[in-house]
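Student: Sequence first, predicted coordinates after that:
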Amino acid sequence: MHPNLYIHEKLVAQRRRELEREVAYSHLLAGQPRRRLVMVRHLMAQLGSLLVALGSRMQQLEQSQQHEHVVYHR
């Protein structure tokens, strides 16, 4: 009877680990859309900052070119 009890305990422990993994995986899947949304928002913010910096740099270049054009034609 002891070997059967031992095998039974092992099977129960194995099944418990499987169920715990399934629960952890379902929690992971449930959290993905939220994480994905956070990541998309973060990337959009970085892209926005990059575009603002690029626009500022283009304005600076345009102003310096206009200044050079004015100085050159004097």
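Tutor: Looks like it came in fine. Residues are numbered from 1 along each chain as shown.

Student: Quick one: low-confidence residue ranges for the protein.
Tutor: Along the chain, the model assigns pLDDT under 70 to residues 1-3, 69-74.

Student: residue closest to the middle of it?
Tutor: With distances taken as C-alpha atoms, centre = their mean, M39 lies nearest the centre of the chain, 3.5 Å away.

Student: What separation do you get for L11 and P33?
Tutor: According to C-beta to C-beta, to the nearest Å, L11 and P33 sit 36 Å apart. Quick note: C-beta positions are derived from backbone N, CA and C, even for glycine.

Student: name the helices or strands packed onto the helix or strand that contains I7?
Tutor: Assigning secondary structure by DSSP states H and E places I7 in helix 2-72. The contact analysis (3 or more C-beta pairs under 8 Å, 6 or more residues apart in numbering; DSSP states H and E) places helix 2-72 against no helix or strand.

Student: List the buried residues of stretch 26-40.
Tutor: Residues of stretch 26-40 classed as buried by neighbour count (16 or more other C-beta atoms under 10 Å): none.

Student: Please compute how far that stretch lies from its chain's middle.
Tutor: Distance of stretch 26-40 from the chain centroid (C-alpha atoms, centre = their mean, to the nearest Å) equals 9 Å.

Student: For burial, what's the neighbour tally of L11?
Tutor: The tally of other residues near L11 (other C-beta atoms under 10 Å) stands at 10.

Student: From G55, how far off is it?
Tutor: L11 is 65 Å from G55, by C-beta to C-beta.

Student: try P33
Tutor: 32 Å.

Student: before we move on, what about R21?
Tutor: 49 Å.

Student: ok, now Q32?
Tutor: Taking C-beta to C-beta, one finds Q32 at 34 Å from G55.

Student: Contacts only, for Q65.
Tutor: With contact set as C-beta atoms under 8 Å, 6 or more residues apart in numbering, Q65 has no partners.

Student: typed the wrong thing, it's V23
Tutor: With contact taken as C-beta under 8 Å, 6+ apart, V23 is in contact with no other residue.

Student: Alright, I will stop here.
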